[in-house]
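Asker: Next one to model:
(one chain, ligands or ions: 2)
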Amino acid sequence: MIGLLGGTFDPIHFGHLRAALDCLQGLALDQVRFIPLRIAVHRPQPLASTAQRLAMLEAALADAPEFVLDRRELHRDGPSYTLHTLRSLRDEFGPERPLCLLIGADAYAGFLQWYRPLEILELAHLVVMRRPGHDPVASPALRQLYLERVCEEPRCLAARAGGRILFQTLTQLDISSTRIRELIAQGRRPRYLLPDAVLDYIERERLYVPTDPARSPQPPHPNV
Ligand SMILES: Nc1ncnc2c1ncn2[C@@H]1O[C@H](COP(=O)(O)OP(=O)(O)OP(=O)(O)O)[C@@H](O)[C@H]1O
Ligand SMILES: O=C(O)c1ccc[n+]([C@@H]2O[C@H](COP(=O)([O-])O)[C@@H](O)[C@H]2O)c1
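Answerer: Ligands and ions are numbered 1, 2, ... in the order given. I've put the predicted structure just below:
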């Protein structure tokens, strides 16, 4: 089984990495593919450039052979729809291989508003990762879909190529890219929330630092 973690990764952090590891181990996945989007369809575009987000992912994934950096959305024109990504993955891995789309509870809440969600479910399973501060509040339609597709054990995912929904238990880390960007904008260092190599890169590139000093409410502090 292959895990797929799509995201903006602006920047990548330990919330992504630990969640991917918990899914890898908990579901006995062969690998987790990190798939950075190029053009977001559902949120403002990332602050860091595509090249910068890619460099941060390369730094974060360098020592983890089961984590694969998948650049296919970056090479595709137009909005980065997950359905198109899954079709391309199906072409590569064939019709039988179980594909597990790993999504946080926040993303899952809006799943039925994605582009052709039921076609997505024809191509992959959904693995929902609980996330602090994001209780899985389901609309009646999403609740109905869940009841039709629920799967309580990894074995049930392994038995088919896609179409099921499983809630995966994982280490709860209250870390988000938004929080990291906010800390940096306030002149604070987001240490221990993301790999040092990623933080070094952010600081070298002066990423997420407001260009207008009037927008920075606190003076920079070297160690906080
Ligand atoms: N701490 C976390 N725990 C579990 N899942 C997470 C965590 N952080 C991100 N995810 C999930 O990883 C995927 C990619 O997330 P994304 O790159 O948007 O990070 P983010 O921290 O949510 O970013 P932002 O704060 O900019 O929205 C999404 O499905 C998201 O729900
Ligand atoms: O295809 C869609 O319609 C769609 C709508 C919302 C989100 N997604 C994907 O969901 C993944 C997580 O999104 P985000 O905002 O948490 O980075 C990312 O790979 C997005 O491309 C996809």
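Asker: So which bits of the chain are right by ligand 2?
Answerer: Contact residues (C-beta under 6 Å from any ligand atom) of the chain with ligand 2: 6-8, 37, 41-43, 80-83, 107, 114-115. For the C-beta atoms, the positions are set from N, CA and C on the backbone; glycine is no exception.
Asker: So R160 belongs to a strand, correct?
Answerer: No. Assigned with DSSP: H, G, I helix; E, B strand; the rest coil, R160 falls outside any strand and is coil.
Asker: which ones are touching it?
Answerer: R160 sits next to 98, 125 when contact means C-beta atoms under 8 Å, 6 or more residues apart in numbering.
Asker: Got the confidence number for it?
Answerer: pLDDT, R160: 96.
Asker: Now it, what are its backbone angles?
Answerer: phi -150, psi 170 (degrees, to the nearest 10).
Asker: Output the residues of the chain next to ligand 2 as TSV; include the columns pLDDT, secondary structure and neighbour count.
Answerer: Below are the residues of the chain next to ligand 2 laid out as TSV (pLDDT from 0 to 100; DSSP: H, G, I helix; E, B strand; the rest coil; neighbours: other C-beta atoms under 10 Å):
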residue	pLDDT	secondary structure	neighbour count
G6	98	strand	20
G7	98	strand	20
T8	97	coil	19
L37	98	coil	25
V41	93	coil	12
H42	89	coil	14
R43	91	coil	9
S80	96	coil	20
Y81	98	coil	19
T82	98	helix	25
L83	98	helix	17
A107	92	helix	20
W114	97	coil	17
Y115	97	coil	13
